[in-house]
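Enquirer: Following is a predicted model, sequence given first.
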Amino acid sequence: MTRFRRRLGLRTAIRDDAFLLGGAVPPVLLRGKAATTAVPMLLGALDGVRDTAGLASAIGRPERQVDAMLSLLRRHGAVEIAGHAAESGSPEAAFFALAAGHLADPRSGDALRARVSRTPVEIVGTDPITAVLTPRRAEGAPLFAGSDVEGLTEGWRAGAAVLPVRSAGNELVIGPVSRAGSGLCPRCLAAGTAEPGALPQAHHALAAALLAARLPMLLAHDPGPDALHLDLESGRTRSVPRRRRPGCAAPCGPAARNASTSPLGQEKTA
């Protein structure tokens, strides 16, 4: 039985009717209905344990379509064959292996776990959702994470990476990670959103758990310039591009990857 896993460091983003692959693979632009629907679902289901039949069952698509998508993604280096079956390990090892996209090998999360432990994290904001994040002292450039826009802006101006955590209706809004000179300022990233505490009280525990689980995944897979919107009622996830506000006075740079400026290959998928 052949099992498949997502390539570590793969970067993806949805742009209107197109799906971008990049990061650990040469940039390519996939077009077509399946490119923005089934392909992201398939990448999300890859854990190094499921074979073609298991993946088809997980995303509700015919095996022949899953096989075609796997072939396409393998051709671009976005999907790999998992080396061996799952081994026993601690729940923590299994979590980091899952975050790395290689659940079949619990040891595959070791590098990510070390990377997380080495990343200093400064928490900005006092809302009940970001309270689950733990400040971490370590050498190196810190990541400022949280809901307080002014605190994020201060870190951003100092050259640190920032991760906004906001809300929009029933959605938890995470990211994108931004740095001065290459990304939008925190005020632009937070435009049209509210504090996470504005989420319905019934969703607070779920939002906090999702946020705590998402941080290692952001470190494992560069998420690109889009904000991640997690609908806490329907369970749907979507990527939303952020735009510079008209008249923004900050040195607000373009997103790290932009379809209008990056030379991308194009391929159509059914």
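Expert: Perfect, I can see it now.
Enquirer: Tell me, please, where in the stretch 151-270 of the chain the pLDDT is lower than the cut-off.
Expert: Residue ranges of the stretch 151-270 of the chain with pLDDT under 70: 216-224, 253-270.
Enquirer: The same query, at a cut-off of 50, please.
Expert: For the stretch 151-270 of the chain, the stretches flagged by pLDDT under 50 are 255-270.
Enquirer: Strands of that one, start to end?
Expert: Secondary structure of the stretch 151-270 of the chain (DSSP state E, counting those that start in this stretch): strands at 161-168, 171-174, 226-231, 237-241, 265-268.
Enquirer: what's next to the first one, contact-wise?
Expert: Just to be clear, that refers to strand 161-168. Where contact means Cβ atoms under 8 Å, 6 or more residues apart in numbering, the residues beyond strand 161-168 that reach it are 125, 129-130, 141-147, 149, 152, 155-156, 172-179, 186, 189-190, 192-199, 207, 211, 215, 218, 227, 229. Just so you know, the C-beta spots here come from the backbone N, C-alpha and C atoms, and that holds for glycine as well.
Enquirer: Now, the residues you listed that are in helices?
Expert: Among these, the residues falling in helices (DSSP state H) are 149, 152, 155-156, 186, 189-190, 207, 211, 215, 218.
Enquirer: Could you count how many residues lie near residue 243?
Expert: Residue 243: 13 surrounding residues under other Cβ atoms under 10 Å.
Enquirer: Next, the contact list for it, please.
Expert: Per Cβ under 8 Å, 6+ apart, neighbours of residue 243: 184, 188, 191.
Enquirer: returning to that earlier point: closest to residue 25 among the ones in helices among the contacts of strand 161-168?
Expert: residue 218 (18.3 Å; Cβ to Cβ).
Enquirer: Name only those of the contacts of residue 243 that count as buried.
Expert: 184, 188 (16 or more other Cβ atoms under 10 Å).
Enquirer: Switch the contacts of residue 243 over to CSV; also include distance to residue 24.
Expert: Shown next, in CSV, are the contacts of residue 243 (distance: Cβ to Cβ, whole Å):
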residue, distance to residue 24
184, 24
188, 28
191, 31
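Enquirer: between the contacts of residue 243, which is nearest residue 35?
Expert: Using Cβ to Cβ, residue 184 comes nearest to residue 35 of the contacts of residue 243, at 25.4 Å.
Enquirer: Surely that closest one and residue 178 touch.
Expert: Yes. Assessed by Cβ atoms under 8 Å, residue 184 is found in contact with residue 178 at 5.7 Å.
Enquirer: Residues that sit against both of those two, list them.
Expert: In contact with both residue 184 and residue 178: residue 225, using Cβ under 8 Å, 6+ apart.
Enquirer: how far is stretch 183-195 from where the chain is centred?
Expert: 17 Å (Cα atoms, centre = their mean, to the nearest Å).
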